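In: Predicted model and sequence below, questions to follow.
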Amino acid sequence: MGPTLYRKKGPLVVFLLPAFLFLILFLYYPFFQNILNSFSDITGLGSAAAGLNDPWYRNYAGLFTDEKLRTALGNTLLLTVCTVVFQVGIALILALLVDSIRVGAQLFRTLYFFPIVISATALGLMFNLIFLYPSGMLNQLLSNLGLVARGIDWKDQGHFLFTMFAPVMWQYVGFYFVILVTGLNNISQDLYEAAALDGCTGLARVKYITLPLLRNVLCTCLVLAITGALKVFDLPWVMFGAGMPLNRGWLTGTYMYDQTFNRGNVDYGSTIAILIVVLGVVFSSIANRVFKPRDDI
């Protein structure tokens, strides 16, 4: 059955061609058009280009002098670090804890994964109710516990990054949790039983058996976390919109959207989009080299 299927190329082309055309139409064509737009003079969304910029590299030169973009890059890099440490780190701890229990494990897997299936808009509105009002849920809780005398402004300079990052961290922990739990399920219990006979239990078992055998799965999670942090947009935008606190709360995704749809700088927004793609390629290449999976595991 198998060899016969691969000798007949017709069915393969029939199934692959629609997907290939879809990629060309909705991925590759917009991408290359976006590159062209970054060199063009486009002053309004939906309007035609008025020719090339003068000089043609004007938008790319502007990247080096844009203070808000510099802030957005710094915040995005910080978010990337937090994503690796907290999202993947917490997901790993939860996966190890759930894997060690036998009663109720499926319930915990469902609960931890549940935030992924909720839309970012709904989550953003929910966290607005928690954080962004003087009498919000968090301020009420702190006041009832006697920890604060007045409501905290969670959008001020000292708190806005925590307010922005916390929902993102919380939403995607379950995604990496499911991946890591799947990796843990692929580790043979015979190894743990043999280790127990040799007196290797508890944290020693995690250090010498679980983590080495989970290396390739962890590498995948880290690469996904690093590249995913560059594209974060929905939750921060729903919570803050264009009113970023003191213009210090921009991320690359939110700043690109603001320039394109609110400011009408379509060509400059296209340039920022190209920058995000380049950063994604560079960071993913570095991550793949640093966290390169091993074939002997």
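Out: Looks like it came in fine.
In: just for the stretch 1-150 of the chain, where's the confidence low?
Out: Applying pLDDT under 70 to the stretch 1-150 of the chain flags residues 1-6.
In: quick one: the helices in it?
Out: 2-7, 9-23, 29-38, 58-62, 67-82, 89-99, 105-117, 120-131, 137-144 (DSSP state H, counting those that start in this stretch).
In: and those as JSON lines, adding distance to Val181 and mean neighbour count?
Out: Every residue, glycine included, has its C-beta placed from N, CA and C. Formatted as JSON lines, the helices of the stretch 1-150 of the chain follow (distance: least, CB to CB, whole Å; neighbours: other CB atoms under 10 Å):
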{"stretch": "helix 2-7", "distance to Val181": "32", "mean neighbour count": "8"}
{"stretch": "helix 9-23", "distance to Val181": "30", "mean neighbour count": "10"}
{"stretch": "helix 29-38", "distance to Val181": "35", "mean neighbour count": "15"}
{"stretch": "helix 58-62", "distance to Val181": "44", "mean neighbour count": "17"}
{"stretch": "helix 67-82", "distance to Val181": "22", "mean neighbour count": "17"}
{"stretch": "helix 89-99", "distance to Val181": "5", "mean neighbour count": "18"}
{"stretch": "helix 105-117", "distance to Val181": "6", "mean neighbour count": "13"}
{"stretch": "helix 120-131", "distance to Val181": "22", "mean neighbour count": "16"}
{"stretch": "helix 137-144", "distance to Val181": "30", "mean neighbour count": "15"}
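In: any chance of those in CSV, plus distance to Ala196?
Out: Output for the helices of the stretch 1-150 of the chain, formatted as CSV (distance: least, CB to CB, whole Å):
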stretch, distance to Ala196
helix 2-7, 42
helix 9-23, 48
helix 29-38, 53
helix 58-62, 60
helix 67-82, 36
helix 89-99, 15
helix 105-117, 20
helix 120-131, 42
helix 137-144, 44
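In: Nearest approach to Phe175 belongs to which of those helices?
Out: Among the helices of the stretch 1-150 of the chain, the nearest to Phe175 by CB to CB is helix 105-117 (5.3 Å).
In: now that closest one and helix 120-131, what's the angle there?
Out: Angle of helix 105-117 versus helix 120-131, following axes from the mean of the first three to the mean of the last three CA atoms, to 10 degrees, is 100 degrees.
In: Helix 105-117 packs against which elements?
Out: helix 89-99, helix 160-185 (3 or more CB pairs under 8 Å, 6 or more residues apart in numbering; DSSP states H and E).
In: residues in contact with it?
Out: If you take CB atoms under 8 Å, 6 or more residues apart in numbering as the criterion, helix 105-117 is touched by 94, 98-99, 101, 123, 170-175, 177-178, 181.
In: how about the helices of the stretch 1-150 of the chain, which one is nearest Leu191?
Out: helix 89-99 (13.4 Å).
In: Check what contacts that closest one and list those residues.
Out: Outside of helix 89-99, the residues within contact range by CB under 8 Å, 6+ apart are 105, 108-109, 112, 169, 173-177, 179-181, 184-185, 206, 210, 218, 221.
In: Distance check, the closest residue to Pro167 other than its chain neighbours against Thr121.
Out: With CB to CB, 6 or more residues apart in numbering as the criterion, Pro167 has its nearest non-adjacent residue at 4.6 Å, and that residue is Phe127. As judged by CB to CB, to the nearest Å, Phe127 and Thr121 stand 11 Å apart.
In: ok, now Arg248?
Out: For Arg248, the distance to Thr121 - CB to CB - is 24 Å.
In: One more: Ala196?
Out: 48 Å.
In: okay, now Asn265: neighbour count?
Out: Residues contacting Asn265 under the criterion other CB atoms under 10 Å number 21.
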